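Engineer: Predicted model follows, preceded by the sequence.
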Amino acid sequence: MRYLFYLLPWQFSPTACAVFTLTLVIYVRGLLVLRREAVRVRLWRPLVFFFGLALNYAVLQTYFDFLAQHMFWIHRLQHLILHHIGPVLLVLSAPVPVLRAGIPAAAWRVLRKRGVSGPIGRLWRALQHPLIAPVLFVGLIYFWLIPSVHFTAMLDQRRYLLMNWSMLIDGILFWWLMLAPREAQGACAVRYGMRFIILTAVALPQIALGAYIALTTHPLYSIYAVCGRAWAISPMLDQQLGGLLTWIPGAMMSAVGGIVVLHHALAEERRALARAAPPQRDGSAGAPA
């Protein structure tokens, strides 16, 4: 029972609790609605969605968050989940039809009027531009790892929350643009060839930044010495591990994204060939007796 302590929030956030609870309720309601309407949802999709949601919750609202504030490499693992792994899982689960079914009709009408067709929708389309999205994706990583910015963000609770939530929201936006099928993206759809270019473009700066952090011979992030490290490891080892997490797994997510994009491209090509193929005639009438 004493291990349950590690599942409790280190710093309880009503906003995080509300966001995750509401998302979970809407998704489960959507599953029930689709089940009543006899719409089949493959089992793996809800499992992947719940796992992605649980990962994001865990790094924000459990004892993991304490470790992330007192170990640089745990902090980098936290942002790897918030900016890469968690959003990728959520997008791969294709949650939009289920979430749409889970939103009450009256609430959906308001969302369409004030959100999709309003300023939120215009902001969404701007952030989904194929030039803006990768710059923002990489830029946020670099910005929050500027030593002076990182120092103040780890000391100021509001900046700390802004840092984490900006990574999660931007991760969802970017990976939706990269990994969602084109038919699900509407006017913001990006050609699959362009997605390969973007995924390569965002991998290279992450490799460079991670290599710089891991190979630098002096400590860059003194905040962890000020606040005290959770475990007794040297500052340089802590920094090297954090640099490697920025360097290797972050860049490898672009390779994973490329595989998903290739799958979508091949599936779209197969559908196009199937539509273009002439209908097959019944060969029984012309068969020899």
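Structural biologist: Thanks, I have the structure now. Numbers count the residues shown, from 1 in each chain.
Engineer: Run through the stretch 101-250 of the chain and note the low-pLDDT ranges.
Structural biologist: For the stretch 101-250 of the chain, applying pLDDT under 70 flags the ranges 114-117.
Engineer: Quick check: nearest residue in space to residue 85, chain neighbours excluded?
Structural biologist: Nearest non-adjacent residue to residue 85, counting by Cβ to Cβ, 6 or more residues apart in numbering: residue 55, 6.5 Å away. Any C-beta I mention is one placed from the backbone N, CA and C, and that applies to glycine too.
Engineer: correct me, but that neighbour touches residue 86?
Structural biologist: Yes: at 4.8 Å, residue 55 counts as touching residue 86 under the criterion of Cβ atoms under 8 Å.
Engineer: Same drill for these two, tell me which one is more crowded.
Structural biologist: More crowded of residue 55 and residue 86, by other Cβ atoms under 10 Å: residue 86, with 26 against 18.
Engineer: Name the helix or strand for that one, please.
Structural biologist: Element membership for residue 86, per DSSP states H and E: helix 86-92.
Engineer: now do residue 69
Structural biologist: helix 64-70.
Engineer: which strands and helices sit next to the helix holding residue 86?
Structural biologist: The contact analysis (3 or more Cβ pairs under 8 Å, 6 or more residues apart in numbering; DSSP states H and E) places helix 86-92 against helix 44-61, helix 157-179, helix 235-276.
Engineer: Apply 7 Å and report the result again.
Structural biologist: Applying 3 or more Cβ pairs under 7 Å, 6 or more residues apart in numbering; DSSP states H and E, we find helix 86-92 packed against helix 44-61, helix 157-179.
Engineer: how about a markdown table for the ones you listed, with distance to residue 100 added?
Structural biologist: Shown next, in a markdown table, are these (distance: least, Cβ to Cβ, whole Å):
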| stretch | distance to residue 100 |
| --- | --- |
| helix 44-61 | 14 |
| helix 157-179 | 15 |
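Engineer: since we're on residue 105, how many residues are nearby?
Structural biologist: Look at residue 105: counted by other Cβ under 10 Å, it has 6 neighbours.
Engineer: Dihedrals phi and psi, it?
Structural biologist: phi -60, psi -40 (degrees, to the nearest 10).
Engineer: Please report how far it lies from residue 184.
Structural biologist: The gap separating residue 105 from residue 184 is 21 Å, by Cβ to Cβ, to the nearest Å.
Engineer: Quick check: closest non-adjacent residue to residue 181.
Structural biologist: Nearest non-adjacent residue to residue 181 (Cβ to Cβ, 6+ apart): residue 264, at 5.3 Å.
Engineer: Could you tell me the average pLDDT over stretch 274-281, please?
Structural biologist: Mean pLDDT, computed over stretch 274-281, is 71.
Engineer: How about the residue nearest the centre of the chain: what's its closest non-neighbour residue?
Structural biologist: What sits nearest the mean C-alpha location of the chain, by Cα atoms, centre = their mean, is residue 87, with 1.7 Å. Excluding the flanking residues, the one nearest residue 87 by Cβ to Cβ, 6+ apart is residue 171, at 3.7 Å.
Engineer: Wait, that neighbour touches residue 85, no?
Structural biologist: No: counting by Cβ atoms under 7 Å, residue 171 stays clear of residue 85, with 8.9 Å between them.
Engineer: wait, what's in contact with residue 277?
Structural biologist: The contact partners of residue 277, by Cβ atoms under 7 Å, 6 or more residues apart in numbering, come to none.
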